[in-house]
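> sequence first, then the predicted structure, then my questions.
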Amino acid sequence: MSVRRRAAALAITAVLCGAAAPVAVAAPSPTPSTPERPAGLYGTKDPTYDGVWRQSLAFLAQKIELVTPATQSVDWLVGQQCDSGAFPSYRDASEPCDAKTVADTNATAAAVQAMVELAVHREVVDNGVSWLKSVQNEDGGWGYNPGSPSDANSTGVVAGALARAGVPLAEVTKKGGRTPYTALQTFALPCGGADGGAFAYQPDKKGELTANADATAAAVLGAMGKGMASGNYNAAKAPVCAEGSDLTPEQSAQNGAYYLAKTLAGPGHLELPPMPGAEESAPPQPDFGNTADAVVALSAAGHKDKAAGAVAYLEKHAQGWAKEGGPAATAQLVLAAHATGTDARDFGGVDLVKQLNATGPAPAATAVPSPTATAPEKPADTSSDDEGLGLWWIIGIGLAFGAGIGFLLSGRRKNQQL
């Protein structure tokens, strides 16, 4: 998953450079000339394709672990937003956005989710929401960039962002009453067969759907109107696959959970598809990022018990991947741990929260011990005053204890062929 965001962005760039693409989906903003990390940015690797994404995931993971990010870090993310409300994957904020600045629906949705959870800069949230609604495709969904065909991953993360911002998804409509739910249904595989209940990333050139666990995890969260930082739930019943052509969003989400639970039941993790040119005898490689996202999706759907084996696998095997992958990879493990009530500060003997904090400026404050159980999500009441960040976190801590609180380098899942 860490590699897929970069690969997807490069693939899109190649396509766009080889055709007369509209300005809205031109090539990504260039890499900054200085090798030094921009002040406030998490991680040390090239942020061209994932700067906003990894910053947003880091904030989401820190927030659920009661860590207050530095104001400098929040300011960096706010500064990435264009006047239109869109966020690119990354840009040099010393220059204004222009026709060459590529808007990224996933980065925008992730940033919106992060700012909602931090409860600061409501104007950033509102502007981001307005832009996302303005670039909704006619089928009700979203693609990676505005104007590109809808896919399950982008639609899922945008739907989660809108819902967390307090926007009723059933009211985000296009011609014919098409909603984000409508688009997600077009990627759903019917029950029956080995892949029943799964979602595809997109239909192939023949219009056929191929199951994609990554897209399924994103679609489950999107169909349920939940964000990437999901709570800790456990249903009384095992997931089932509901048949029919007129399913509710909840039924579609449960179908996806059914597929994920079945897929994880064997090895306890998802596997990366073979790399082009790899020998057929080469052993499959574990997909840590998408496994972590599947854990979050299963828990959000009420089946954290079905994710227990995957969490145990991640605790044992994913430490090196997370450290090498940087802030987004570490954040994904934090989100998976939190979603299942696992201690992120002792995840297979590693303090993931400390590891995540070390990838950026020193946090303004950190609360311990790590919280585990959370109340169901509801849209946050946000403020535009970033100087009140510490106060809102104090309030958030009180609420968390009183109420009881995963998609290249940093992980969004974009390409069904990778």
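Arrived safely. Treat the numbers as computed from the prediction; the structure is a model and nothing was measured. Numbering: from 1, shown residues only.
> number of residues surrounding residue 127?
For residue 127, the number of neighbouring residues by other Cβ atoms under 10 Å comes to 20. Backbone N, C-alpha and C define where each C-beta goes, glycine included.
> and what of residue 130?
For residue 130, using other Cβ under 10 Å, the count is 12.
> on the pLDDT front, check it for me.
We have a pLDDT of 98 for residue 130.
> skip the chain neighbours and tell me the closest residue to it.
Excluding the flanking residues, the one nearest residue 130 by Cβ to Cβ, 6 or more residues apart in numbering is residue 85, at 5.2 Å.
> now do the same contact list for that neighbour.
By Cβ atoms under 8 Å, 6 or more residues apart in numbering, the contact set of residue 85 is 108, 127-132.
> next, give phi and psi for it.
Backbone torsions of residue 85, given as degrees, to the nearest 10, read phi 100, psi -10.
> residue 49 contacts residue 91, correct?
No: at 11.8 Å, residue 49 does not count as touching residue 91 under the criterion of Cβ atoms under 8 Å.
> can you get me a residue count around residue 191?
Residue 191: 18 neighbours (other Cβ under 10 Å).
> from residue 63, how far off is it?
To residue 63, residue 191 is 36 Å away according to Cβ to Cβ, to the nearest Å.
> helix or strand right after the one helix or strand residue 332 maps to?
For residue 332, the enclosing helix or strand under DSSP states H and E is helix 327-339. Downstream of helix 327-339, the next assigned helix or strand under DSSP H and E is helix 352-357.
> chain center to the helix or strand just after that following helix, what's the gap?
Using DSSP H and E, the helix or strand that directly follows helix 352-357 along the chain is strand 365-366. Remark: strand 365-366 is offset 24 Å from the chain centroid, using Cα atoms, centre = their mean, to the nearest Å.
> which other helices and strands does strand 365-366 contact?
Applying 3 or more Cβ pairs under 8 Å, 6 or more residues apart in numbering; DSSP states H and E, one finds that strand 365-366 contacts strand 67-68.
> go again using 6 Å as the cut-off
Applying 3 or more Cβ pairs under 6 Å, 6 or more residues apart in numbering; DSSP states H and E, one finds that strand 365-366 contacts no other helix or strand.
> where does the stretch 301-418 of the chain have low pLDDT?
Low-confidence segments of the stretch 301-418 of the chain (pLDDT under 70): 369-418.
> hang on, the earlier thing: higher neighbour count, residue 49 and residue 91?
residue 49 (29 against 26).
> what's the helix or strand for that one?
Counting by DSSP H and E, residue 49 is found in no helix or strand.
> find me the pLDDT at it, would you?
So residue 49 comes in at 95 (pLDDT).
> so it makes contact with residue 90?
No: using Cβ atoms under 6 Å, residue 49 is not in contact with residue 90; the gap is 7.1 Å.
> returning to that earlier point: and the contacts of residue 85, which of them are buried?
108, 127-129, 131-132 (16 or more other Cβ atoms under 10 Å).
> could you dump the residues you listed to JSON lines with distance to residue 350 and secondary structure?
Shown next, in JSON lines, are the buried ones among the contacts of residue 85 (distance: Cβ to Cβ, whole Å; DSSP: H, G, I helix; E, B strand; the rest coil):
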{"residue": "108", "distance to residue 350": "31", "secondary structure": "helix"}
{"residue": "127", "distance to residue 350": "37", "secondary structure": "helix"}
{"residue": "128", "distance to residue 350": "33", "secondary structure": "helix"}
{"residue": "129", "distance to residue 350": "36", "secondary structure": "helix"}
{"residue": "131", "distance to residue 350": "38", "secondary structure": "helix"}
{"residue": "132", "distance to residue 350": "35", "secondary structure": "helix"}
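> wait, which of those residues is closest to residue 310?
Within the buried ones among the contacts of residue 85, proximity to residue 310 (Cβ to Cβ) peaks at residue 108, which comes in at 29.1 Å.
> residues touching the closest residue to that closest one other than its chain neighbours, list them.
Excluding its sequence neighbours, the residue lying closest to residue 108 (Cβ to Cβ, 6+ apart) is residue 87, at 4.3 Å. Listed by Cβ atoms under 6 Å, 6 or more residues apart in numbering, the contact partners of residue 87 are 52, 80-81, 107-108, 111.
> cool, residue 44 as well?
Residue 44 touches residue 37, counting by Cβ under 6 Å, 6+ apart.
> give the phi and psi angles for it, as a check.
phi -110, psi -10.
> likewise for residue 199?
Per degrees, to the nearest 10, the backbone of residue 199 is at phi -120, psi 150.
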